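Chemist: Starting from these lines, generate the structure:
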Amino acid sequence: FVNAIDGLTLPGRCEWRTVEGVDILLDGAHNAEAARALRDWLIRTQPDRRWTLLTGMLDGHEPLPFYQAFEGLIDRAIVAPIGFHRAIPAPKLAATLAERFADVAPAATVDEALQMALASARAQGTSVLVTGSFYLVGAVGAAIERLAQK
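Modeler: Numbers count the residues shown, from 1 in each chain. Next comes the predicted model:
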């Protein structure tokens with residue numbers, strides 16, 4: 001049983017991509033418990049890595065406890081809109097994140113958010129962490145595919 005599970009992957013859970021030389025980690029964590037588990041995994045497996053956060057969240061989740069887990073790991077946060085009726089608007093979530101992080105910017109689209117995160121990561125020497133919603137992870141994955149086709 002363990003051997004069968006050992007090689008399995010789940011898209012959107014600790015999924016690595018590289019875009020334009022920038023490492024991107026996509027993880028659909030969306031509640032405080034999952035955020036703490038992701039943080040612990042990042043500290044254990046990537047102790048020297050700094051992150052640019054690309055995020056979005058659905059209404060009904062608790063943003064402050066979720067993002068508190070990443071304090072000390074994040075250099076910049078980019079907030080993307082999620083195309084789902086329960087999404088927290090990017091400017092509103094950005095205002096909430098500004099309580100936790102010094103450098104926060106909302107984006108108008110997921111494609112713009114990805115470009116902002118890539119530019120920030122290149123400038124600051126960080127990797128990009130995409131988390132906060134499986135909807136966002138799927139949208140960013142699609143944006144990465146569009147970039148690859150150009």
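
Chemist: Count the neighbours of the residue nearest to residue 14 when sequence neighbours are not counted for me.
Modeler: Closest residue in space to residue 14, ignoring its immediate chain neighbours: residue 27 at 5.6 Å, by Cβ to Cβ, 6 or more residues apart in numbering. Bear in mind the C-beta positions are built from the backbone N, C-alpha and C, glycine included. Using other Cβ atoms under 10 Å, residue 27 has 23 neighbouring residues.

Chemist: Pretty sure residue 27 sits against residue 129.
Modeler: Yes - using Cβ atoms under 8 Å, residue 27 is in contact with residue 129, at 7.4 Å.

Chemist: beta partners of the nearest residue to residue 46 once chain neighbours are set aside?
Modeler: Using Cβ to Cβ, 6+ apart and skipping the chain neighbours, the partner closest in space to residue 46 is residue 127 (7.9 Å). Applying DSSP bridges to residue 127 gives these bridge partners: residue 51.

Chemist: What score does residue 127 have for pLDDT?
Modeler: Residue 127 is assigned a predicted lDDT (pLDDT) of 98.

Chemist: Identify the residues contacting it.
Modeler: 22, 23, 24, 25, 46, 49, 50, 51, 52, 121 (Cβ atoms under 8 Å, 6 or more residues apart in numbering).

Chemist: Fine by me, thanks again.
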